[in-house]
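**Student:** here is a sequence with its predicted model. Questions after.
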Amino acid sequence: MVDLEQKIEEMSGIRVSHIKALHRLGIFTLKDLVFHLPFRYEDYSKVVPISEVIIGEQATVIGKIISVNARRSWTKRKMQLTEAVISDDSGSIQAVWFNQRYLAGALKEGKEIRLSGKIILGKKNLSISNPAWEFSSRDATHTGRLVPIYPETEGITSKWIRWQIGNIFQNDFEIDDPLPEKIVEKLNLHDLKKSLIFAHFPKTENHFKIAQKRFAFSEMFLLQLKSLQIRSQWENESAVAIKDKENITDEFIKGLPFELTSAQKKATKQILSDLEKSHPMNRLLNGDVGSGKTIVAAIAALKVASAGHQVAIMAPTEVLALQHFESFCKIFKDYNINISLLTNSYQLISHNKNSDIKNLKLFENYKLKIENFSRNTTKVKRDDLLRFIKEMKMSIVIGTHALIQKDVQFGKLALVIVDEQHRFGVGQRAFLQQQTTEIFDGVKNKIPHLLTMTATPIPRTLTMALFGNLDISLLDEMPKNRKEIITRVVPAIERKKIYDFVRDQIQQGRQTFVILPLVEQSKAMSEVKAAVSEHQRLSEKIFPDLKLGLLHGRLKSKEKEETMQAFKNKEYDILVSTSVVEVGVDISNATIMIIEDADRFGLSQLHQFRGRVGRGEHQSYCFLFGASSNARLKTMEKYSSGFDIAEKDLKLRGPGEFLGSRQSGLPDITMENLGNIKLIEISRQEALNLLKTDSKLENHPLLQKELEKFKKNVHLE
Ligand code: ADP
Ligand code: MG
């Protein structure tokens, strides 16, 4: 009997390099190792006579080694080749291995081996390429069965893992099942030990399906338990119930220069009614670029501010925070609401002519280009601003992460709005509430209502799986006046045509973006170089008579902002930029978005870029340079809704890539199943049922322990 709690260091024959590699995979005990599940299987189960192998297919054969020969290949790379001829009663076949020099010594003529691999047609005869092999006198571990393939890391191969797990299973082990028996029975799952055996040593395809079903369920079940627990914690908290003063929000909505879309109306209603409750709202406003999230957020802010409480609005970057500041100042130009901006570089306040702020003679006037309405914007010292926030002189405080610093304290904070960027990561998004409520002071014993907004639409299945702790308002409808952006995938030969078109648009007073891709995550420098050289090429060769701006990640945030502002003020006709421009910057005069090497971007990201244009009254265009035959890019021509594109993107790339964060720590099997609605629904239902009778899992200590471990591993904060 093996004790699974044993550390891997105690395994026989283990080297320091193995230990390091296993630690990298998050494996510290034997138990962790047996929970390191295969992600696929090679079907080597069927042994066939050599004469019956089929070209192009996997096969397993058993035969005697007739000859072994090692040599260097003729090709430039001079690979080490090991060739052997194997034969059985029906015929013979050649096996070839690459760069496995030690093999020639191990393969003794006359010995019988079992080989599994793909059959190819070599120069003269059939050959089995780089096969897995073992002597036929041994148990089938690496050949002759459904062979599990594991997630590997440098220094640890699937072969090694198979061998070690084989040892553990041979000696037998005991393991307690954390899943309640009732659920296992009800859902027709197999118990834990059996499922583990089936996962590592399936005799049939059905075996590993049974195992997969069980592990997919148990992991999703933990995720749902976690999010439901967070939800109920949240529901037990109390918040300030905000009552609408004299229908101020109704009046405000009536006074808007446009009519809200029905999606906006619905979302607004949901949010306003959440705010009236005495437990905190925790809602996600899930909407496409340009679907009008800002105005919905502003209505919520108005309700809270006019009731005498404070609102904090957090944006991911300074550019965006500044833009929100401008928008809110404009939106509330006729209201006596003091608004401030707090970032590392800005400490501004904006106040109405009637505001009592004007009596405080602390400020120097700050010239913001937005000052064409009945408000004053002034620059203040950080300390003074912090004091104003604490003393309730500021109703709406907009900022970046600078807002969540210990010394920023609110007098009467009742609503936090987070306009997050999808790059914030899965976790931060879902569980930001924990952070914010701990740091913001607000009203004693109450926590603020929380409204998060997405920068990219999240597919429904993902919101179900990951954001079960949030209420969701969808903005799946665009304002009516919006013209659809004309999108084309452009072949290289038509580049000149597009440049002519750009020139034509610019002559009509419009502006253009040119976006260059991130070449590789780690090579931010080459991305900068690409932008610099494209800027140079366009300025010198293509548009020498036009004004071109340049924006990339190497610029200081102040410089980035100045460039963005200059583009906004039409000081440039064209802005050449790396992906840093992605955040929701609003330039309504820009009508063309050109994306170079578009096939390097995910669809959702392309959609995000495309949303930078089409914000004004003019017809807008998006041109995708790159592989013109790229079917994936054609999706962009076909679909204009961000939700549709997100669904496609999710299908094409899978949840892991789509969410762009392996770092969430979610188990692979959960990642894979984030789109599996049926599984999600079942897991959620079972989690609900269980928590109803045992909300703290006191009667299910094993499960509670698993959940603790899960919480520790899954970095959702
Ligand atoms: P996003 O959801 O990307 O944050 P914004 O809130 O920036 O979108 O809205 C984009 C633009 O659409 C803004 O200029 C806003 O004033 C305008 N807008 C919002 N709602 C409507 C509407 N119902 N009708 C017309 N224009 C609208
Ligand atoms: Mg926005």
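**Tutor:** Perfect, I can see it now. Ligands and ions are numbered 1, 2, ... in the order given.

**Student:** what about residue 624, distance to ligand 1?
**Tutor:** 21 Å (C-beta to the nearest ligand atom, to the nearest Å). Any C-beta I mention is one placed from the backbone N, CA and C, and that applies to glycine too.

**Student:** if you drop the residues flanking it in sequence, what lies closest to that residue?
**Tutor:** residue 598 (3.8 Å; C-beta to C-beta, 6 or more residues apart in numbering).

**Student:** quick one, grab the pLDDT at that neighbour.
**Tutor:** On pLDDT, residue 598 comes in at 90.

**Student:** switch to numbering from 507
**Tutor:** In the new count, where the first residue is 507, that last one comes out as residue 1104.

**Student:** count the residues that sit near it.
**Tutor:** Residue 1104 is flanked by 26 other residues according to other C-beta atoms under 10 Å.

**Student:** the closest residue to ligand 1 within the stretch 957-1106 of the chain: neighbouring residues, count only.
**Tutor:** Closest to ligand 1 within the stretch 957-1106 of the chain is residue 985: 3.2 Å, counting by C-beta to the nearest ligand atom. Here the number of neighbours of residue 985 (other C-beta under 10 Å) works out to 16.

**Student:** how near is it to residue 1121?
**Tutor:** 11 Å (C-beta to C-beta, to the nearest Å).

**Student:** overlap of the contact sets of the two?
**Tutor:** Common contacts of residue 985 and residue 1121 (C-beta atoms under 8 Å, 6 or more residues apart in numbering): residue 796.

**Student:** poorly predicted segments of the stretch 557-706 of the chain, please.
**Tutor:** Residue ranges of the stretch 557-706 of the chain with pLDDT under 70: 582.

**Student:** residue in it nearest to ligand 1?
**Tutor:** For the stretch 557-706 of the chain and ligand 1, the shortest gap (C-beta to the nearest ligand atom) falls at residue 657, measuring 38.0 Å.

**Student:** distance check, the residue nearest to residue 1153 when sequence neighbours are not counted against residue 1139.
**Tutor:** What sits nearest to residue 1153 in space, not counting adjacent residues and going by C-beta to C-beta, 6+ apart, is residue 965, at 5.0 Å. Going from residue 965 to residue 1139 by C-beta to C-beta gives 20 Å.

**Student:** swap in residue 1011?
**Tutor:** In this structure, residue 1011 and residue 1139 are 22 Å apart, going by C-beta to C-beta.

**Student:** same deal with residue 615?
**Tutor:** Distance, residue 615 to residue 1139, using C-beta to C-beta: 55 Å.

**Student:** show the pLDDT at residue 1134.
**Tutor:** Residue 1134 carries a pLDDT score of 63 in this model.

**Student:** if we can go back for a sec, in contact with the closest residue to the residue of the stretch 557-706 of the chain closest to ligand 1 other than its chain neighbours, which residues?
**Tutor:** Of all residues not flanking residue 657 in the chain, residue 545 sits nearest, at 5.9 Å (C-beta to C-beta, 6+ apart). Residue 545 sits next to 655, 656, 657, 1174 when contact means C-beta under 8 Å, 6+ apart.

**Student:** ok, back up a step: did I read that right, the residue of the stretch 957-1106 of the chain closest to ligand 1 in a helix?
**Tutor:** No. Under DSSP: H, G, I helix; E, B strand; the rest coil, residue 985 falls outside any helix and is assigned coil.

**Student:** that one: what's it in contact with?
**Tutor:** Per C-beta under 8 Å, 6+ apart, neighbours of residue 985: 764, 767, 796, 797, 798.

**Student:** nearest residue to the first one other than its sequence neighbours?
**Tutor:** With C-beta to C-beta, 6+ apart as the measure, residue 985 is the residue that lies nearest to residue 764, at 6.7 Å, once sequence neighbours are left out.

**Student:** just the pLDDT at that neighbour, thanks.
**Tutor:** With respect to pLDDT, residue 985 scores 88.

**Student:** phi first, then psi, for it.
**Tutor:** Residue 985 adopts backbone torsions of phi -50, psi 140, taken as degrees, to the nearest 10.

**Student:** quick check: the nearest residue to residue 1064 once chain neighbours are set aside vs ligand 1, distance?
**Tutor:** Nearest in space to residue 1064, with sequence neighbours left out and distances taken as C-beta to C-beta, 6+ apart, is residue 851 at 5.8 Å. Going from residue 851 to ligand 1 by C-beta to the nearest ligand atom gives 22 Å.

**Student:** pretty sure residue 851 sits against residue 1062.
**Tutor:** No. Applying C-beta atoms under 8 Å, one finds residue 851 not in contact with residue 1062, separated by 9.3 Å.

**Student:** show me which residues of the stretch 757-906 of the chain sit near ligand 1.
**Tutor:** Proximity of the stretch 757-906 of the chain to ligand 1, by C-beta under 6 Å from any ligand atom, involves residues 764, 766, 767, 770, 793, 795, 796, 797, 798, 799, 800, 801.

**Student:** related to what we said a few turns ago, my guess is the residue nearest to residue 1130 contacts residue 1116. True?
**Tutor:** No. Between residue 1104 and residue 1116 there is no contact under C-beta under 8 Å: 10.3 Å.

**Student:** give me the common contacts of these two.
**Tutor:** In contact with both residue 1104 and residue 1116: residue 1142, using C-beta under 8 Å, 6+ apart.

**Student:** among the residues of the stretch 757-906 of the chain next to ligand 1, which are in helices?
**Tutor:** 770, 799, 800, 801 (DSSP state H).

**Student:** out of those, what pair is the most spread apart?
**Tutor:** 770 and 800 (10.5 Å; C-beta to C-beta).

**Student:** those two: which is more packed in?
**Tutor:** Remark: of residue 770 and residue 800, residue 770 carries more neighbours, 24 against 19, as counted by other C-beta under 10 Å.

**Student:** hmm, back to that, neighbour-wise, which of residue 851 and residue 1062 wins?
**Tutor:** Neighbour comparison, residue 851 and residue 1062: the larger count goes to residue 851, with 14 against 9 (by other C-beta under 10 Å).

**Student:** now that one, what's its secondary structure?
**Tutor:** Classification of residue 851 by three-state DSSP places it in coil.

**Student:** so what's it up against?
**Tutor:** By C-beta under 8 Å, 6+ apart, residue 851 lies in contact with 824, 1063, 1064, 1067.

**Student:** can those go into TSV with extra columns for neighbour count?
**Tutor:** Formatted as TSV, those follow (neighbours: other C-beta atoms under 10 Å):
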residue	neighbour count
824	21
1063	15
1064	12
1067	20
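
**Student:** from those, which land in helices?
**Tutor:** Using DSSP H, the subset of the contacts of residue 851 located in helices is 824, 1063, 1064, 1067.

**Student:** and those, which two are the farthest apart?
**Tutor:** The widest separation within these (C-beta to C-beta) is 8.2 Å, between 824 and 1064.
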